[in-house]
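> coordinates for the following, if possible.
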Amino acid sequence: MELNEINRDPSRPLNVVRIATNGIRDGPPNPPPKSPEFVPPHLQQQERQKRKWYQFCYDKQNKTVCDRSCTSWFYILSYSIFYIIFLCVFTMILLYASLCIIKKTEVYNNDPEKLLLYHGHSNIGLTAIPTAVNKMSLISYKDSDYVKYVDALEHVVSKKYSKVSKQLGPCGVAPFGYGDTPCVLVKINRHYGSSALPLKHRSLNSSDIPGKIKLLASTAPKLWLECSGSSPYDTEHIGTVTYYPDPPGFDPGIYAPGNVTEGLVGVQFSNFTKGMALSIECSLYYEGGRSTVDFVLYASSSKKVT
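Model prediction:
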């Protein structure tokens, strides 16, 4: 029997504390740890996925949303808004600059066919005959070498404008003044769906309308034509311009439904300077727009000027 058991207090239980002779505490063994509740593997997998998804959306411990802090999201949104505003402003400036360049190009301003193509409801096209003989806007002859222009005019007048040839004066019968006083027929291109109205009184205050056109527009509601030099130099040498009929006005009813007649005005040039290439521009004025057709007139003589 051990020494501790001999000298023990009778009031104490026998198995409360027992110290062996080797000095090691002896007593009842510790209770075994409780085993965790059994969870099926597939439920464990779902729980892990659920926890990861919630942590990605909002991590309460790190205070992040989608793995980014609130400060980081603030900077991202601020930069995004700034970039969108910058992109919109840059695009608007680029579009405005492109439109300004297009408006200032020569094709946009001077080519009536382009105007007719892109602005069909407010602009009409003009054609000068017989400038298309050489497939270019040029009337050029020397002495009596103008038969090709006379043939071209006679073909057009006899085929399409025989009924109105008397209104064209010398520009309605051969040789159409060719020699010293050549004629050019300016016609309005037929364009279905297009319309043009005479100049209104409020438009007569515009500085872009010549004084002669303003005077004519105040007398009759027509589309008025005027031919002049393209530059002051050309105007100085263009001589006298005569119209048939005179004044050179087009009836707005030319675009009435069922009317297939094309507008036509004969323009005759006399006393112009020969031996010089004269650039001539014929402009048609109407409410809300202006159409033009350009051509070059060059007549020379083999006779030497003394």
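
> and L264, its phi and psi?
phi -150, psi 130 (degrees, to the nearest 10).

> buried ones in the helix or strand L216 falls within, by neighbour count?
Following DSSP states H and E, one finds L216 within helix 211-217. Buried residues in helix 211-217, counted by 16 or more other Cβ atoms under 10 Å: I213, K214, L216, A217. C-beta here means a position set from N, CA and C on the backbone, and glycine is covered the same way.

> can you tell me what sits against that helix?
Outside of helix 211-217, the residues within contact range by Cβ atoms under 8 Å, 6 or more residues apart in numbering are P198, L199, L204, I209, K222, W224, E226, P247, G249, Y285.

> what about the closest residue to P252 other than its chain neighbours, how many neighbours?
The shortest distance from P252 to any non-neighbouring residue, by Cβ to Cβ, 6 or more residues apart in numbering, is to P198 (5.8 Å). The local packing of P198 (other Cβ atoms under 10 Å) involves 18 other residues.

> same check, this time on T131
Neighbour number of T131 under other Cβ under 10 Å is 21.

> and the pLDDT at it?
Here the pLDDT value assigned to T131 is 84.

> am I right that it is in contact with S137?
Yes. If you go by Cβ atoms under 8 Å, T131 and S137 touch, sitting 4.8 Å apart.

> kindly point out which residues are neighbours of both of those two.
Joint contacts of T131 and S137 (Cβ under 8 Å, 6+ apart) are F295.

> tell me which stretches of this protein form strands.
With DSSP state E as the criterion, the chain has strands at 18-19, 25-26, 58-59, 64-65, 126-129, 138-142, 183-188, 223-229, 240-244, 249-250, 264-270, 278-286, 289-300.

> quick one: which of the ones you listed is nearest Q167?
Closest to Q167 of the strands of the chain, according to Cβ to Cβ: strand 240-244, at 6.6 Å.

> quick one: low-confidence parts of the stretch 201-306 of the chain?
Within the stretch 201-306 of the chain, the segments meeting pLDDT under 70 span 253-262, 302-306.

> if we can go back for a sec, how close does the residue nearest to P252 get to G249?
9 Å (Cβ to Cβ, to the nearest Å).

> what sits in contact with each of those two?
Joint contacts of P198 and G249 (Cβ under 8 Å, 6+ apart) are K222, L223.

> JSON lines for the buried residues of helix 211-217, including distance to A299?
Formatted as JSON lines, the buried residues of helix 211-217 follow (distance: Cβ to Cβ, whole Å):
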{"residue": "I213", "distance to A299": "28"}
{"residue": "K214", "distance to A299": "32"}
{"residue": "L216", "distance to A299": "29"}
{"residue": "A217", "distance to A299": "33"}
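
> which residues does the residue lying closest to Y161 once chain neighbours are set aside contact?
Spatial nearest neighbour of Y161, excluding adjacent residues (Cβ to Cβ, 6+ apart): L264 at 5.8 Å. Neighbouring residues of L264 by Cβ under 8 Å, 6+ apart: Y161, V164, L168, L185, V186, K187, I188.

> mind putting these in TSV, pLDDT, distance to L99 and neighbour count included?
Output for those, formatted as TSV (pLDDT from 0 to 100; distance: Cβ to Cβ, whole Å; neighbours: other Cβ atoms under 10 Å):
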residue	pLDDT	distance to L99	neighbour count
Y161	81	40	20
V164	79	41	16
L168	90	41	23
L185	92	36	23
V186	91	31	23
K187	87	32	19
I188	83	28	24
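
> pipe these into JSON lines and attach distance to F295 per row.
As requested, the contacts of L264 are exported to JSON lines (distance: Cβ to Cβ, whole Å):
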{"residue": "Y161", "distance to F295": "19"}
{"residue": "V164", "distance to F295": "22"}
{"residue": "L168", "distance to F295": "18"}
{"residue": "L185", "distance to F295": "11"}
{"residue": "V186", "distance to F295": "10"}
{"residue": "K187", "distance to F295": "13"}
{"residue": "I188", "distance to F295": "16"}
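
> circling back to that earlier point, ok, of the contacts of helix 211-217, which come out buried?
The buried subset of the contacts of helix 211-217 (16+ other Cβ under 10 Å) comprises P198, L199, I209, K222, W224, E226, P247, G249, Y285.

> F295: which of these is nearest?
Once Cβ to Cβ is applied, the member of these that ends up nearest F295 is E226, at 14.7 Å.

> hang on, that closest one packs against E281?
No. Counting by Cβ under 8 Å, E226 stays clear of E281, with 9.0 Å between them.

> does S230 really touch C282, like I thought?
No. With contact defined as Cβ under 8 Å, S230 does not reach C282; the gap is 10.2 Å.

> give me the common contacts of those two.
D294.

> the more surrounded of the two?
Each of S230 and C282 has its neighbours counted (other Cβ under 10 Å); C282 has more, 22 against 17.
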